[in-house]
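**Student:** From the sequence below, what's the structure:
(one chain, ligands or ions: 2)
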Amino acid sequence: MTASPHSDPEPVVRFDNVGMRYGRGPEILRDLSFDLPRGSFQFLTGPSGAGKTSLLKLIYLAAKPSRGLISFFGRDAATLPRGELPDLRRSIGVVFQEFRLLNHLSVFDNVALPLRVTGRKRSDYAEDVAELLAWVGLGDKMTALPPTLSGGEQQRVAIARAVVGQPEILIADEPTGNVDAEMGMRLLRLFVELNKLGTTIVIATHDLQLVRMIDAPVMTLSNGHLHIRPPRSERQRHAEAREADGREALDSVAQAGRPAGNRVSADEGEDGDD
Ligand SMILES: Nc1ncnc2c1ncn2[C@@H]1O[C@H](COP(=O)(O)OP(=O)(O)OP(=O)(O)O)[C@@H](O)[C@H]1O
Ligand SMILES: [Mg+2]
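**Tutor:** Ligands and ions are numbered 1, 2, ... in the order given. Modelled structure (predicted):
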């Protein structure tokens, strides 16, 4: 099962009984245990204040757990040599809930930044950046400064910046919160394409319409605890397997020569609408 307790021998990210609190405050995340398997795609939902951003911060190494273990590619994050952290951080693309664009840099330069820091030449990536910006509908805003853009436009710059380097992991915190439904679908397609190239993706969202578009597990935070609902296709497979098991059990009961009345009531149960 995707995003489930410990299903993958070496997941991209593993949480083991993780708890988190801010300072001396109450524990806002409790006993979180799950895997993000390589190349998986999952949504993260939960009411405002449930801890979605906090959980994402743990994944993109902007916060530390107050207990439990978080590992990346099979290695305990708490004992990773300091020298390895910058590389690990660079392998994670983040769309921040509040965008965090650099206001003195153009839209183009904001998006190109993750490529520039890896030492790539402008002539190598200029076309890719322009193409990506056109895809998110900002082809005519490449030289604009972020403060002159609308919230939805800034959000699309933040998304382009997070995906441009094809990161190992993409964390997106409410990435469609400021755009219309049609643009939301377009951005979701971008994430799906990135996922097809191998990126492991977690999208925090309140947008249930978005969630319904993809057959992916849904991680839900509530009262500090995490519940993981498997993808629709997996739930259907389980339901079919249960039904088949039920039928087998009924057959064996019938063969054992139990009174017919029992069988009838069991059949009624199976057809019932519960
Ligand atoms: N820096 C902080 N210091 C202290 N408490 C914090 C801090 N950041 C968040 N919290 C608290 O942690 C809890 C979870 O906040 P978080 O931002 O993770 O929720 P969220 O699910 O992302 O909410 P939203 O849907 O509104 O973005 C809240 O009760 C919040 O007040
Ligand atoms: Mg949040």
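
**Student:** And Leu208, how far from Asn195?
**Tutor:** 20 Å (C-beta to C-beta, to the nearest Å). Glycine gets a C-beta too; all of them are placed from N, C-alpha and C.

**Student:** By average pLDDT, which secondary structure element in this structure comes out worst?
**Tutor:** In the chain, no helix or strand scores lower on mean pLDDT, DSSP states H and E than helix 260-271, which sits at a mean of 38.

**Student:** Now the helix or strand hosting Ala239: buried residues?
**Tutor:** Following DSSP states H and E, the helix or strand that holds Ala239 is helix 232-255. The neighbour-count check on helix 232-255 (16 or more other C-beta atoms under 10 Å) flags Leu250 as buried.

**Student:** switch to numbering from 709
**Tutor:** Happy to do that; since the first residue is 709 now, the last one works out to helix 940-963.

**Student:** Could I get the average pLDDT for it?
**Tutor:** Helix 940-963 shows a mean pLDDT of 86.

**Student:** Please export the C-alpha coordinates of that helix as CSV.
**Tutor:** This file holds the C-alpha atoms of helix 940-963, laid out as CSV (Å, rounded to 0.1, in the frame of the first residue of the first chain):
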residue,chain,number,x,y,z
ARG,A,940,-9.5,4.2,-4.9
SER,A,941,-8.2,1.4,-7.1
GLU,A,942,-6.7,-0.3,-4.1
ARG,A,943,-9.9,0.0,-2.0
GLN,A,944,-11.8,-1.5,-4.9
ARG,A,945,-9.4,-4.4,-5.1
HIS,A,946,-9.8,-5.0,-1.4
ALA,A,947,-13.5,-4.8,-1.5
GLU,A,948,-13.6,-7.4,-4.4
ALA,A,949,-11.2,-9.7,-2.5
ARG,A,950,-13.4,-9.4,0.6
GLU,A,951,-16.5,-10.2,-1.5
ALA,A,952,-14.7,-13.2,-3.0
ASP,A,953,-13.7,-14.4,0.5
GLY,A,954,-17.2,-14.0,1.6
ARG,A,955,-18.5,-16.0,-1.2
GLU,A,956,-16.0,-18.8,-0.5
ALA,A,957,-17.0,-18.8,3.1
LEU,A,958,-20.6,-19.1,2.2
ASP,A,959,-19.9,-21.9,-0.2
SER,A,960,-18.0,-23.8,2.5
VAL,A,961,-20.9,-23.3,5.0
ALA,A,962,-23.3,-24.6,2.4
GLN,A,963,-21.1,-27.6,1.8
